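**Student:** Build me a structure from this.
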Amino acid sequence: MMRPLLLAGTALLAIHTPASAEGPTVDAPVAPTAAAEPVQADRGGEIVVTAPFQQSEADVLSGTSIMSGEELQRALRPTIGETLARLPGVSATSFGPNASRPVLRGFQGERIRVLTDGIGSIDVSNTSVDHAVAINPLIAERVEVLRGPSALLFGSSAVGGVVNVIDTRIPRSVPEAGYRVAGNLTYGSAANERSGGAAGDVAVGEGFVVHADGSYLKTNDLKIGGYALSQQQRAASLATAALPPQAVEPGEDAIDFAGNAAIRGRLPNTASETWNVGVGAALIRDGGNIGISYSRYDSLYGVPIRYATEQGQEQEAPRIDLKQDRVDLRAEVDTGGGFLDRIRLRAAMANYTHSELDPSGAVGTTFKNQGLEGRLEFVQANHGGWLGASGVQVFNRRFDVEGDEAFLPRNETSQVGLFTLQQYSMGAFRAEAGARYETTSVDARTVVGDDRFARGGRDFRAVSGSLGASYEIAPNIRIGLNGSRTERAPSAEELFANGPHAGTQSYELGNPNFRLEKSWGLEATLHAHRENWSFDAAAYYNWFSNYIFDNQVDPVACETAAAPSGRTVDLPCFQYAQADARYYGLEAQGNVRLAKLAGYKINADLLGDWVHARIVDQGPVPRIPPMRLLGGLEAQGDRLTARAEVEHSFEQDRVTQFETPTGGFTLVNASLALKPFGASNQTTLTLSANNIFDVNARRHVSFLKDFAPLSGRDLRATLSFHL
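**Tutor:** Numbers count the residues shown, from 1 in each chain. You can find the predicted model right below:
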């Protein structure tokens, strides 16, 4: 399938790029982590490029967030989840320092999409929280987060939102000087983190640009601000240690329960080593461009231990050896006007594998994923205030888990989606409508003679749509209301899982009879962007039917459900179920310029988010983030920017029967960004102190929050440059 896409892109470019073109497009250099101008109080001018037609951040009807330049450099962490965790409406799964995926409005896993330049990460990070996202923040130019109905353009699994990491691996412009080089070096004290990355483009002929990049990251075990185990788990472990020792079978090691309770200061089994390289090339003309890239992602990282606290429990210290080879294609043709403005093609294919290793290095379970995703978009020209985009998206995944602890059969998912987004503007009024029709086929290709898993497949047809409008009630102040109806097909994991998973220390059990998950949603927005202040807010409500969630069940009931597999259930059992659910919440972010003093702009900012989610007639949805507030004070100068911020996460006591409450915490951070060679030079040194008071903080959304707290005090230094 990849070959026809490549040929189609080349043909499009050949047809619409005349031989007598005046020359290639030449833009200002763009660096993966180049320092941008300091963020002003007015952010309404930032352009959102994830949407099919570019709009300013203030004009997008649903909630959006953009992170780039100095802001991205200050927030940069080894995982995309931790990098984005301070944005409104965003949390992170925090399964240790190496596997942290974004959580948007309380949604995670199959309900959000993590993209690279508009195409999925093509890994297995959506399958389990211990699986890292195969996207490297170190080479990101910018990151955009879309929430609300517009995210459905990227698939029905984006009901919670989309995270789009935009890099420079396929060049978009010809360097002005014939070349450009950008890079960064970082040291972080909490994990003795040493990382660096560099990217370069060179023009080698008229409109032809080649690219190369590479990055390396190495960390030790993570420093934490107190005990590894929560107070409740420490008490349970100490109580077990006081009991008479249990008989130990030959060859079985006795667990030191008192030793587990005493672990503090460092989080064992969390060291990592990751490298990533890529090459690309693009032909850039006035009438269009086409480019291709290849990348290799290689990571070996430890997964925090879920410590045993009671007799009969087991504990493992797995490591994950992850590798991905990926090829990307991007093409765009300017049609020269008329009904269409441009045609875009974006595609990628990847071969992914990771092995879960025991402490001796022996392979326990291996995950293999071969994936392909492509999008063809037809972007309409603006005619009297009417513009839009329509297209087709294809997706194919062949997924296999091998080993004694395989919890899924070999399976294949194929998906085709047709979509459109139309917008009409008339003065202060703007209306937007979107629709998506999607067919999904999920097949369990169980090996003959393997009775552990169900056989057969399921076919689904999903229809989703959205309708919204906004009105500019005053200059640069706009209110909006969006409504949406979405349908999502169950994933292979939700349908066919039946087995133990060492990484999460759980037995997972799906249901092959699941129906489409359906929801209605409403979202009200306010975007106000003026010269010295700005404010963005969103309130949302989602009604779900056939909502799919994981629920811990009694081992006896799990044994009965898992009986066809012939397996013994000796881990906590989580079985997927369907029921009605309700999600609603608020998120807001504002900033104001307080004064100008001695050449510095003094700005204050505050963000807050809150989400409430429940299963109808059952209780709270598991792992929902609590209310949070984050405020900052910033002095912005031409060469120096100083910032201090305080983040408070409130207690989360709305929990399911298998969760424990999570206490609130307050983190204090400070940073300095200095341009040592002058304001016009794009070299920046960023010094930051995070969690200054070494607080032992835990995120409620984490499966391991009772065993793996967040980082303790972390002093960081990052040098970024652009030539």
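**Student:** from here on, contacts and neighbour counts on C-alpha atoms
**Tutor:** Fine.
**Student:** Let me know the pLDDT of residue 446.
**Tutor:** Residue 446 carries a pLDDT score of 76 in this model.
**Student:** Okay, it and residue 496: tell me how far apart.
**Tutor:** Remark: distance between residue 446 and residue 496 (C-alpha to C-alpha, to the nearest Å) = 10 Å.
**Student:** shared neighbours of the two, anything?
**Tutor:** Taking C-alpha atoms under 8 Å, 6 or more residues apart in numbering as the contact rule, the neighbours common to residue 446 and residue 496 are 409, 453-454.
**Student:** With neighbour count, distance to residue 580 and secondary structure as added columns, please give these in TSV.
**Tutor:** Shown next, in TSV, are the shared contacts of residue 446 and residue 496 (neighbours: other C-alpha atoms under 10 Å; distance: C-alpha to C-alpha, whole Å; DSSP: H, G, I helix; E, B strand; the rest coil):
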residue	neighbour count	distance to residue 580	secondary structure
409	26	28	coil
453	22	27	coil
454	21	26	coil
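**Student:** give the contact list for residue 608.
**Tutor:** Counting by C-alpha under 8 Å, 6+ apart, residue 608 makes contact with 88-89, 587-589, 627-630.
**Student:** again, only this time at 7 Å
**Tutor:** Taking C-alpha atoms under 7 Å, 6 or more residues apart in numbering as the contact definition, residue 608 lies against 88, 587-589, 628-630.
**Student:** count of neighbours near the residue lying closest to residue 137 once chain neighbours are set aside?
**Tutor:** Distances taken as C-alpha to C-alpha, 6 or more residues apart in numbering put residue 80 closest to residue 137, at 6.0 Å, once the chain neighbours are dropped. Around residue 80 there are 27 other residues, counting by other C-alpha atoms under 10 Å.
**Student:** Likewise for residue 354?
**Tutor:** 24.
**Student:** wait, isn't it in contact with residue 325?
**Tutor:** No: Residue 354 is beyond contact range of residue 325, at 11.9 Å (criterion: C-alpha atoms under 7 Å).
**Student:** Report how many residues lie close to residue 644.
**Tutor:** Other residues close to residue 644 by other C-alpha under 10 Å number 18.
**Student:** Let me know whether residue 364 touches residue 321 as I believe.
**Tutor:** No: contact criterion C-alpha under 7 Å: residue 364 and residue 321 do not qualify, at 11.3 Å.
**Student:** what residues are shared contacts of these two?
**Tutor:** Common neighbours of residue 364 and residue 321 (C-alpha under 7 Å, 6+ apart) are residue 356.
**Student:** Pick out whichever of these two has more residues nearby.
**Tutor:** Each of residue 364 and residue 321 has its neighbours counted (other C-alpha under 10 Å); residue 321 has more, 21 against 16.
**Student:** Centre of the chain to stretch 700-707, how far?
**Tutor:** 18 Å (C-alpha atoms, centre = their mean, to the nearest Å).
**Student:** Same check on stretch 207-220?
**Tutor:** 20 Å.
**Student:** contacts for that stretch?
**Tutor:** Contact with stretch 207-220 is made by 23-24, 169, 171, 174, 191-203, 270-285, as judged by C-alpha under 7 Å, 6+ apart.
**Student:** for the stretch 1-150 of the chain, what spans make up the strands?
**Tutor:** Here the stretch 1-150 of the chain has its strands, by DSSP state E, counting those that start in this stretch, at 47-48, 55-56, 64-68, 90-92, 102-104, 112-116, 119-120, 140-146.
**Student:** Dump those strands to JSON lines, plus mean neighbour count and mean pLDDT.
**Tutor:** JSON lines is the format used below for those (neighbours: other C-alpha atoms under 10 Å; pLDDT from 0 to 100):
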{"stretch": "strand 47-48", "mean neighbour count": "19", "mean pLDDT": "64"}
{"stretch": "strand 55-56", "mean neighbour count": "14", "mean pLDDT": "60"}
{"stretch": "strand 64-68", "mean neighbour count": "21", "mean pLDDT": "85"}
{"stretch": "strand 90-92", "mean neighbour count": "26", "mean pLDDT": "94"}
{"stretch": "strand 102-104", "mean neighbour count": "27", "mean pLDDT": "94"}
{"stretch": "strand 112-116", "mean neighbour count": "25", "mean pLDDT": "92"}
{"stretch": "strand 119-120", "mean neighbour count": "24", "mean pLDDT": "92"}
{"stretch": "strand 140-146", "mean neighbour count": "24", "mean pLDDT": "88"}
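**Student:** What about the contacts of stretch 207-220, which are in helices?
**Tutor:** Of those, none are assigned to helices by DSSP state H.
**Student:** gap between stretch 311-327 and the chain center?
**Tutor:** Distance, centroid of stretch 311-327 to centroid of chain: 20 Å (C-alpha atoms, centre = their mean).
**Student:** on contacts alone, who are the packing partners of the lengthiest strand in the chain?
**Tutor:** Secondary structure of the chain per DSSP state E: the longest strand is strand 573-597. Under the contact definition 3 or more C-alpha pairs under 7 Å, 6 or more residues apart in numbering; DSSP states H and E, strand 573-597 sits against strand 506-509, strand 533-553, strand 600-615.
**Student:** list the buried ones in it?
**Tutor:** Buried residues in strand 573-597, counted by 16 or more other C-alpha atoms under 10 Å: 573-578, 580-594.
**Student:** got the residue ranges for the strands in the stretch 301-450 of the chain?
**Tutor:** Going by DSSP E, counting those that start in this stretch, the stretch 301-450 of the chain shows strands at 319-337, 340-357, 363-380, 386-403, 411-426, 429-444.
**Student:** Out of these, the one nearest residue 490 is which?
**Tutor:** Closest approach to residue 490 among the strands of the stretch 301-450 of the chain (C-alpha to C-alpha): strand 429-444, 8.6 Å.
**Student:** Now do stretch 461-469: everything it contacts.
**Tutor:** 149, 430-440, 480-488.
**Student:** do that again at 8 Å, thanks
**Tutor:** Applying C-alpha under 8 Å, 6+ apart, the contact partners of stretch 461-469 are 61, 149-150, 152, 156, 429-440, 480-489, 516.
**Student:** Equivalent analysis for stretch 499-513, please.
**Tutor:** 128-130, 303, 306, 315-316, 318, 356, 405-408, 454, 493-498, 562, 567, 569-577, 703.
**Student:** one more time with 7 Å
**Tutor:** Contacts for stretch 499-513 (C-alpha under 7 Å, 6+ apart): 130, 318, 405-407, 493-498, 569, 571-576.
**Student:** Repeat that for stretch 678-695.
**Tutor:** If you take C-alpha under 7 Å, 6+ apart as the criterion, stretch 678-695 is touched by 34-35, 74, 225, 638-639, 667-676, 712-722.
**Student:** just checking, what packs against the strand or helix carrying residue 483?
**Tutor:** Following DSSP states H and E, one finds residue 483 within strand 477-488. Helices and strands touching strand 477-488, by 3+ C-alpha pairs under 7 Å, 6+ apart, are strand 456-474, strand 517-529.
**Student:** mind checking how far that strand is from the chain centre?
**Tutor:** Worked out by C-alpha atoms, centre = their mean, strand 477-488 lies 22 Å from the chain centre.
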